[in-house]
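>>> build me a model from this:
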Amino acid sequence: MEKRKLRGGMVGGGIGSFFGSVHRMAATLDGQAEYVCGAFSADPQKSKKSGKALYLDPSRVYPSYKEMAEKEAALPADKRIDFLTIVTPNVYHFDAATTFLEAGFHIVCDKPMTCNLAEAKELKSIVDKTGKVFALTHTYTGYPMVKQARDIVRRGLLGTINKVIVEYPQGWLANFLEDGVTTETMWRTDPQKAGVSLCMGDIGIHAENLGRYITGLEIGKLCADLSHYIPGNLLDDDGNILVRYNGGAKGIIYASQISTGEENGLNIKVYGTKLSLYWNQENPNYLTVKSKEGITTTYSKGNQIFCQDARNAARLPSGHPEGIIEALANIYLEAYKAIKAGANTGFDYPSVNDGVIGMAFVETVLASAVSDRKWVEMLPTGI
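Purely as a prediction, here's the structure:
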């Protein structure tokens with residue numbers, strides 16, 4: 001590929017969308033790409049207004065993603081987009097991704113990848129068939145200290161891992177504990193738009209992914225207890241999961257969106273026979289490692305990093321905070337490398353495989369929650 005900025009398009013993410021603007025900032029942070037078109041809403045007029053606000057050529061602001069895929073594919077190679085970002089409600093992820101993959105475009109998709117495991121497996125087969133890059137935005141894997149934690153585990157410094165605890169408390173749904181929510185104002189609570197799960201599909205899937213990314217451990221069995229605290233909510237809004245990993249380690253995954261007062265408290269603790277480590281997303285520049293002798297070491301980006309992946313992900317000198325936009329930008333950068341290399345393996349971004357495993361995790365949790373059995377085996381992914 002010639003040396004130039006990659007051209008991107010976006011489906012969803014129009015006026016009023018928080019994640020649309022976050023993705024645009026992250027995708028263009030390093031000057032490696034620019035957005036040139038989009039279908040920003042299911043409402044053609046809203047899509048048009050969004051494109052105007054982004055100063056896009058009106059002829060490349062589309063009323064639907066189906067029309068966008070068809071018309072972009074018909075453009076000359078030096079005009080059409082290279083990749084598509086999908087930031088829609090979950091229900092559109094599968095069809096939008098499939099449409100653009102089959103039209104010849106690479107994909108960056110928000111999580112969860114699909115609404116269910118069957119769709120996830122089918123989408124993987126399409127990615128494999130087309131050979132296109134598919135990056136899933138499990139953003140927290142882009143933080144330098146998360147990569148540092150993974151390196152510590154890979155080097156065997158923790159010893160044998162015995163226990164993994166991942167917590168993801170949020171409190172944004174607590175405001176509805178007494179009055180309930182309506183699907184008209186909260187698409188994430190609507191099964192027709194969100195899919196099979198609210199809390200687990202939205203943030204529990206991040207907790208599972210973070211634990212697997214850092215430790216490399218795969219879940220063998222789990223025992224789940226899900227709750228529906230919000231009146232009128234048909235989907236889970238809180239969950240507690242006991243985990244048995246393949247190889248003998250055990251763990252706890254707790255995810256909640258009714259934990260009053262919490263903001264975005266994703267954190268992980270990993271306990272090995274030699275060391276333990278702790279990382280907290282709300283204070284992401286620091287990684288705490290403890291020894292059994294009582295020695296505590298705090299790694300901060302820039303001054304104690306010995307992992308090349310963490311060095312690559314750290315953009316500012318020590319003491320200058322970085323956040324979620326930079327972490328998401330790191331995922332985009334790795335996807336861009338893959339696109340330019342014409343390869344979809346060997347790069348450090350969450351892939352379609354992570355999407356399949358994530359949906360297998362969600363559906364296993366749901367099956368466990370309604371089962372009379374204490375432990376339920378992880379659903380097969382075929383990966």
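
>>> how about the strands in the stretch 151-300 of the chain?
In the stretch 151-300 of the chain, the strands defined using DSSP state E, counting those that start in this stretch lie at 161-169, 219-227, 238-245, 250-256, 267-272, 275-280, 286-291, 296-300.

>>> mean neighbour count for those - can I get that in TSV?
The way it works is simple: take the backbone N, C-alpha and C, and place the C-beta from them, glycine included. Output for the strands of the stretch 151-300 of the chain, formatted as TSV (neighbours: other CB atoms under 10 Å):
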stretch	mean neighbour count
strand 161-169	21
strand 219-227	19
strand 238-245	21
strand 250-256	21
strand 267-272	21
strand 275-280	20
strand 286-291	17
strand 296-300	14
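
>>> TSV for these, including mean pLDDT and distance to A360?
Shown next, in TSV, are those (pLDDT from 0 to 100; distance: least, CB to CB, whole Å):
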stretch	mean pLDDT	distance to A360
strand 161-169	98	17
strand 219-227	98	9
strand 238-245	98	13
strand 250-256	98	14
strand 267-272	98	20
strand 275-280	98	25
strand 286-291	96	29
strand 296-300	92	32
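
>>> switch those over to TSV; also include distance to V196.
Formatted as TSV, the strands of the stretch 151-300 of the chain follow (distance: least, CB to CB, whole Å):
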stretch	distance to V196
strand 161-169	18
strand 219-227	11
strand 238-245	13
strand 250-256	15
strand 267-272	25
strand 275-280	29
strand 286-291	34
strand 296-300	38
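
>>> for this protein, give me the ranges with low pLDDT.
1, 183-185, 302-304 (pLDDT under 70).

>>> contact partners for the most centrally placed residue in it?
Nearest to the mean C-alpha position of the chain, counting by CA atoms, centre = their mean, stands H138 at 2.2 Å. Residues near H138 by CB atoms under 8 Å, 6 or more residues apart in numbering: K111, H206, N209, L210, Y213, I331, P350, D354.

>>> and it, how far is that from L117?
17 Å (CB to CB, to the nearest Å).

>>> same deal with W187?
Taking CB to CB, one finds W187 at 21 Å from L117.

>>> these two: which has the busier surroundings?
Per other CB atoms under 10 Å, whichever of W187 and L117 has more neighbours is L117, with 24 against 14.

>>> quickly list the domain ranges of the chain.
6-139, 143-315+356-369 (automatic domain parsing).

>>> adding distance to K340 as columns, could you present those domains in TSV?
Shown next, in TSV, are the domains of the chain (distance: least, CB to CB, whole Å):
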stretch	distance to K340
domain 6-139	8
domain 143-315+356-369	16
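
>>> so which of these gets nearest N344?
domain 6-139 (4.8 Å; CB to CB).

>>> measure that closest one end to end?
The first and final residues of domain 6-139 sit 21 Å from each other (CA to CA, to the nearest Å).

>>> what does stretch 269-288 give?
9 Å.

>>> what's the answer for stretch 49-66, then?
Termini of stretch 49-66 sit 19 Å apart (CA to CA).

>>> can you give the contact residues for that stretch?
For stretch 49-66, using CB under 8 Å, 6+ apart, the contacting residues are 11, 13-15, 24, 35-42, 44, 47-48, 68, 71-72, 92, 96, 99-100.

>>> how about that stretch: buried residues?
K49, S50, G51, L54, L56, R60, V61, Y62, P63, Y65 (16 or more other CB atoms under 10 Å).

>>> could you dump those to TSV with distance to K292 and secondary structure?
Shown next, in TSV, are the buried residues of stretch 49-66 (distance: CB to CB, whole Å; DSSP: H, G, I helix; E, B strand; the rest coil):
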residue	distance to K292	secondary structure
K49	59	helix
S50	55	helix
G51	58	helix
L54	54	coil
L56	57	coil
R60	60	helix
V61	59	strand
Y62	59	coil
P63	62	coil
Y65	54	helix
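
>>> returning to that earlier point: taking the contacts of H138 one by one, which sit in helices?
H206, N209, L210, Y213, I331, D354 (DSSP state H).

>>> and the residues you listed as CSV, adding distance to R155 and neighbour count?
Below are these laid out as CSV (distance: CB to CB, whole Å; neighbours: other CB atoms under 10 Å):
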residue, distance to R155, neighbour count
H206, 25, 22
N209, 21, 23
L210, 19, 25
Y213, 16, 20
I331, 23, 25
D354, 23, 24
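
>>> need the contact list for E363.
Per CB under 8 Å, 6+ apart, neighbours of E363: N116, L117, V196, L379.
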